[in-house]
Every structure is written in C-alpha cells, then in structure tokens.
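**Q** Pasted the sequence and its predicted model underneath.
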Amino acid sequence: MPAFSRHDVIASLLDVGLLPVFYNGNIDVAENVVRACAEGGAKVMEFTNRGDRAYQVFSELSRYCTSEIPNLVIGVGTIVDPATAALYINCGANFIVGPVLNEEIAKVCNRRKVAYIPGCITPSEISRAEELGVSIIKVFPAKVVTSAFVKALLGPCPWSRLMPSGGVKATKEDVFNWIESGAAALNMGSNLISKDLVKAGDYDAIRKRVKQCIQWVREARASL
C-alpha cells in the first residue's frame, strides 16, 4: 500500500519542481543514489522498470526508503501495462510513470488512489489524460517538441500541468528555458544522474547536481 496519498505526491512534485529518475540493479548502489538525491533536496524519486527482476530491487528500495528516508516519495517509471502497474503498487510504489498514456493503467491507479503520470506528446493525448484524472502530464520525448510546445499549449490550456521528460539537461540555461516556458516540473534522468558518476561512486557529486538543479528551478520560478 502506498505510504503517500496521490495528493501529497503531486504537491511534493510541484513544490520542488524536479523528479530525478534512474535505474540500477544493485540495491546498494540504488540506495546510495536515492540518499544522495534526497540529501540534495529531492522530495520525489522515480525508479525505472528496465532491468531483469527490477521489481525485486524496487521492493527492497521501497523498504529502505520507508525505514531510512521516510519523507522521500518513491515511485516507478517505464510502466506500459496495468498488470505491471499493479505489481509495483503492491511493492510500495507511490506513483506510476509511463512513456505512453494507457487508460487501463489510469483505472488501476484511480482504483488504488495512486498518482499516474503518463507520457503524452499531442494536445489530444494531454486532454484525454486529464479527462482520466491525471494531474501532471509527462511531455515525452521533450527534446522532440522543445519548450515552445509547452508555452504554446498553455496558451489555450493554462490549467495543464506539464513535466518535460527525455532530453532535459542539467544546466541553468535549459532549466530556465523550460520553467520560463511554463513547465510545472522537470523529469531528469542520465543528464542528472550520469552513469559515470554512479560508476565512480561519486554520490556527493550527484547530491550537488540535484541541489543545484532545484535551486535553478526556484530561481527560474522567481523570475516569472
């Protein structure tokens, strides 16, 4: 059962404005990455469903967070079918993220009162997701549509909360560009938690990078 309500998940994500995403099949490494991000100020983390037996690693990671970092909201990404969504919810996922919109996943999440963040790339997909009860839309792949898409869509649909994902860079210029275009939050993966830093075990560098990106989000919001 999720430790956080979907309202708390959405509030935490909107508050900090950054959703770090990563995958690692080694539970010790995963725990260190999560702790580094939390120490950097992240309130919400996404673990991707990409490796063999990933759900087992996530289950252990979820227990670790409950025990050691109880204020951190952890969820799972790269979910494309309802059965896998249900599996991860039973493993403790507080939210479900996907690269595509799947209406059956929305039903599962609504039934369990779990936040669902699907990937959408057209105004029609975004509108349909909102009809299904989705509060935050993952604009994916963001590097294809660019920040101009976010700004243009919010013109006629100012109520939409959009989170670009896929190609968002951990630089001041890119963070400001997306936030000033109207993005509600940013979803960052390897550009934030790079494989080189993880391989080197340089968790302090990850912590500093997360902290810096969150600060840039704050500064960009303050400039609006």
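**A** In hand now; what should we look at? Numbers count the residues shown, from 1 in each chain.

**Q** Next, Asn187: phi, psi?
**A** Backbone geometry at Asn187, expressed as degrees, to the nearest 10, gives phi -110, psi 110.

**Q** give me the beta-bridge partners of it?
**A** Beta-bridge partners recorded for Asn187 (DSSP bridges): Leu19, Ser165.

**Q** I'd like to know how many residues surround it.
**A** Using other C-beta atoms under 10 Å, Asn187 has 26 other residues around it. C-beta: built from backbone N, CA, C; applies to glycine.

**Q** Tell me the confidence at it?
**A** With respect to pLDDT, Asn187 has a value of 98.

**Q** quick one: contacts for it?
**A** Counting by C-beta atoms under 8 Å, 6 or more residues apart in numbering, Asn187 touches 19, 21, 46, 97, 138, 163-166, 168.

**Q** Reformat those residues as CSV; add pLDDT and neighbour count.
**A** Below are the contacts of Asn187 laid out as CSV (pLDDT from 0 to 100; neighbours: other C-beta atoms under 10 Å):
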residue, pLDDT, neighbour count
Leu19, 98, 29
Val21, 98, 23
Glu46, 98, 26
Val97, 98, 28
Lys138, 98, 30
Met163, 98, 26
Pro164, 98, 29
Ser165, 98, 26
Gly166, 95, 20
Val168, 97, 26
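
**Q** for this structure, longest helix please?
**A** What stands out as the longest helix in the chain, according to DSSP state H, is helix 203-222.

**Q** name the helices or strands packed onto that one?
**A** Packing partners of helix 203-222 (3 or more C-beta pairs under 8 Å, 6 or more residues apart in numbering; DSSP states H and E): strand 18-22, helix 27-39, helix 172-180, strand 186-188, helix 195-200.

**Q** For the second one, C-alpha coordinates in CSV please.
**A** Right, helix 27-39. Output of helix 27-39 as CSV, limited to C-alpha atoms (Å, rounded to 0.1, in the frame of the first residue of the first chain):
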residue,chain,number,x,y,z
ILE,A,27,20.4,-2.4,-4.4
ASP,A,28,23.3,-0.9,-2.5
VAL,A,29,24.0,1.5,-5.4
ALA,A,30,20.3,2.3,-5.7
GLU,A,31,20.1,3.1,-2.0
ASN,A,32,23.1,5.4,-2.3
VAL,A,33,21.7,7.2,-5.3
VAL,A,34,18.4,7.8,-3.6
ARG,A,35,20.0,9.0,-0.5
ALA,A,36,22.2,11.4,-2.4
CYS,A,37,19.2,12.9,-4.3
ALA,A,38,17.3,13.2,-1.0
GLU,A,39,20.2,15.0,0.6
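
**Q** what's the very next helix or strand once past that helix in contact with?
**A** Next helix or strand after helix 27-39 toward the C-terminus (DSSP states H and E): strand 44-48. Strand 44-48 is contacted by residues 9, 12-13, 16, 19-23, 30, 34, 37-38, 54, 57-58, 61, 72-78, 95, 97, 187, 189 when judged by C-beta under 8 Å, 6+ apart.
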